[in-house]
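Novice: Just a sequence and a predicted model for now, questions to come.
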There are 2 protein chains.
Amino acid sequence: MNSEFVQKWQSQVKKGTLAFILLNILKDNEFYGYELIEQVRKYTTIEIAEGTLYPLMNRLKKEGLVTSKWVEQESGIPRKYYQLTNVGISTLAEMRTYWDGLETAIQKLTK
Amino acid sequence: MNSEFVQKWQSQVKKGTLAFILLNILKDNEFYGYELIEQVRKYTTIEIAEGTLYPLMNRLKKEGLVTSKWVEQESGIPRKYYQLTNVGISTLAEMRTYWDGLETAIQKLTK
DNA sequence: ACAAAATACATAGCAATACAATGTACTTTG
DNA sequence: CAAAGTACATTGTATTGCTATGTATTTTGT
């Protein structure tokens, strides 16, 4: 079970899926990076490596889908909070349309 | 609409999804390469480039998920038909379990 | 009749992305 | 007081889809 091939496949599935999941999480609230990893772990069975998340968030920021702001803590390391932009919101809507179409097709195929 | 980012994203989503779709198509019938592209076009809105399909099928073959056989035509170029192996069948079952879990989580998040 | 498009296979190089490894710095727990 | 946890980040590697290109045959359009 959970053969080598399936493990590699799951990693490939994340390419694309992760951005979609993260934007959906940010649709309702703002979160900081480390917290996003925890949120994803909570809502899915997906474990995001830190070396995956931080570059990914930077890409989303570069593309203008999110903004970020540093929030100093009374104690500890400052947190970088991310918020969806208007561009992010409309992009997410397009992504969802595509995903729903894909999922409908897959549902038929796996039946 | 369908911004640059979304186009790139759709390409990323295919990494992993394509193998899953193709194995599902081969679950019921055997098909040759070019025909698989047509089948995917028919059941989904996905267009698979030939330069994507042939290497992908070779990987699935190398991993033992499919076998292939050449079938000569009365006229024209011979076709390479692919069939699921037992390993392919059980692997597909594992993939489906993962996909269903992922989809359930995404359904909740997009609501 | 002949050019263009379609069928059917394939490979090479490029770009994008997840991950392991590693690093820094502070706080909490055992 | 050491280990684990929190919170940020970067670098190099492996995988994979895509474009471009190539070969060979058949069908379609004019």
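Specialist: It's in. Here the structure is a predicted model, which means the values were calculated and not measured.
Novice: can you give me the helices for chain A?
Specialist: Listed in chain order, the helices found in chain A under DSSP state H are A:4-26, A:33-43, A:50-62, A:86-110.
Novice: is the shortest one anywhere near chain B?
Specialist: Meaning helix A:33-43. Yes - contact of helix A:33-43 with chain B (C-beta under 8 Å from any C-beta of the partner chain) involves A:Tyr43. Every C-beta, even on glycine, is put in place using the N, C-alpha and C of the backbone.
Novice: Quick check: buried residues in that helix?
Specialist: If you call a residue buried by 16 or more other C-beta atoms under 10 Å in any protein chain shown, then helix A:33-43 has these buried ones: A:Gly33, A:Leu36, A:Ile37, A:Gln39, A:Val40.
Novice: Take the residues you listed and lay them out in a markdown table including pLDDT and distance to B:Gly16.
Specialist: Converted to a markdown table, the buried residues of helix A:33-43 look like this (pLDDT from 0 to 100; distance: C-beta to C-beta, whole Å):
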| residue | pLDDT | distance to B:Gly16 |
| --- | --- | --- |
| A:Gly33 | 97 | 24 |
| A:Leu36 | 98 | 21 |
| A:Ile37 | 98 | 20 |
| A:Gln39 | 97 | 22 |
| A:Val40 | 97 | 17 |
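Novice: For chain A, what lies in contact range of DNA strand D?
Specialist: In this structure, chain A approaches DNA strand D at residues A:8-9, A:12, A:32-35, A:50-51, A:54-55, A:57-58, A:73, A:76-80, judged by C-beta under 7 Å from any atom of the strand.
Novice: can you do 10 Å?
Specialist: Applying C-beta under 10 Å from any atom of the strand, we find that chain A lies next to DNA strand D at A:4-5, A:8-9, A:11-13, A:15-16, A:31-38, A:49-58, A:61, A:68, A:70-71, A:73, A:75-82.
Novice: Return the per-residue confidence for the residue of chain A found nearest DNA strand C.
Specialist: Scanning chain A for proximity to DNA strand C using C-beta to the nearest atom of the strand identifies A:Gly51 as nearest, at 2.2 Å. pLDDT, A:Gly51: 97.
Novice: ditto for A:Thr17
Specialist: With respect to pLDDT, A:Thr17 scores 98.
Novice: so where's chain A shaky on pLDDT?
Specialist: Low-confidence segments of chain A, defined by pLDDT under 70, are located at A:1.
Novice: Tell me how far the spatially most central residue of it lies from B:Ile25.
Specialist: The central residue of chain A, meaning the one whose C-alpha is nearest the mean C-alpha position (C-alpha atoms, centre = their mean), is A:Leu22 at 2.3 Å. Using C-beta to C-beta, to the nearest Å, A:Leu22 is found at 30 Å from B:Ile25.
Novice: picking up where we left off before, out of the helices of chain A, deepest packed?
Specialist: helix A:4-26 (a mean of 19; mean count of other C-beta atoms under 10 Å in any protein chain shown).
Novice: Specify the angle between that one and helix B:86-110 in degrees.
Specialist: Helix A:4-26 runs at 10 degrees relative to helix B:86-110, counting by axes from the mean of the first three to the mean of the last three C-alpha atoms, to 10 degrees.
Novice: Point out the other helices and strands that helix A:4-26 packs with.
Specialist: helix A:33-43, helix A:50-62, strand A:79-84, helix A:86-110, helix B:4-26, helix B:86-110 (3 or more C-beta pairs under 8 Å, 6 or more residues apart in numbering or on different chains; DSSP states H and E).
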